[in-house]
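Student: Coordinates only, no sequence provided:
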C-alpha cells in the first residue's frame, strides 16, 4: 500500500509541475514585456 501512495505523490508532483511551470513562464515573459515597454 505504501508504494501506491509514493507513486501517487510522484504523479501528483509531476502533474503539478506541468501545470505550474507554463503559468509561471507566461507570467514571467509577460512581466519582462511590461518592463521593456517602459
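Tutor: Sure, I can see it. Everything quoted here is computed from the prediction, not taken from an experiment. Numbers count the residues shown, from 1 in each chain.

Student: Roughly how far does the spatially most central residue of the chain sit from residue 28?
Tutor: Central residue of the chain (CA atoms, centre = their mean): residue 20, 2.1 Å from the mean position. In this structure, residue 20 lies at 12 Å from residue 28, with CB to CB, to the nearest Å as the measure. C-beta coordinates here come from the backbone N, C-alpha and C atoms, glycine included.

Student: what's the answer for residue 36, then?
Tutor: 13 Å.

Student: Which one of the two is surrounded by more residues?
Tutor: Comparing residue 36 with residue 28 by neighbour count (other CB atoms under 10 Å), the higher total belongs to residue 28, at 10 against 7.

Student: buried sites along the helix or strand containing residue 20?
Tutor: For residue 20, the host element (DSSP states H and E) is helix 2-37. Judged by neighbour count (16 or more other CB atoms under 10 Å), helix 2-37 contains no buried residues.

Student: how far does that helix sit from the chain's center?
Tutor: For helix 2-37, the separation from the chain centroid amounts to 0 Å (computed by CA atoms, centre = their mean, to the nearest Å).

Student: mean confidence score for that helix?
Tutor: On average, the pLDDT along helix 2-37 is 86.

Student: Next one: the residue nearest to the centre of the chain from residue 27, what distance?
Tutor: The spacing between residue 20 and residue 27, counted by CB to CB, is 11 Å.

Student: Ok, residue 9 next?
Tutor: The span separating residue 9 from residue 27 equals 26 Å under the rule CB to CB.

Student: who touches stretch 18-36?
Tutor: With CB atoms under 8 Å, 6 or more residues apart in numbering as the test, stretch 18-36 has no contacts from any other residue.
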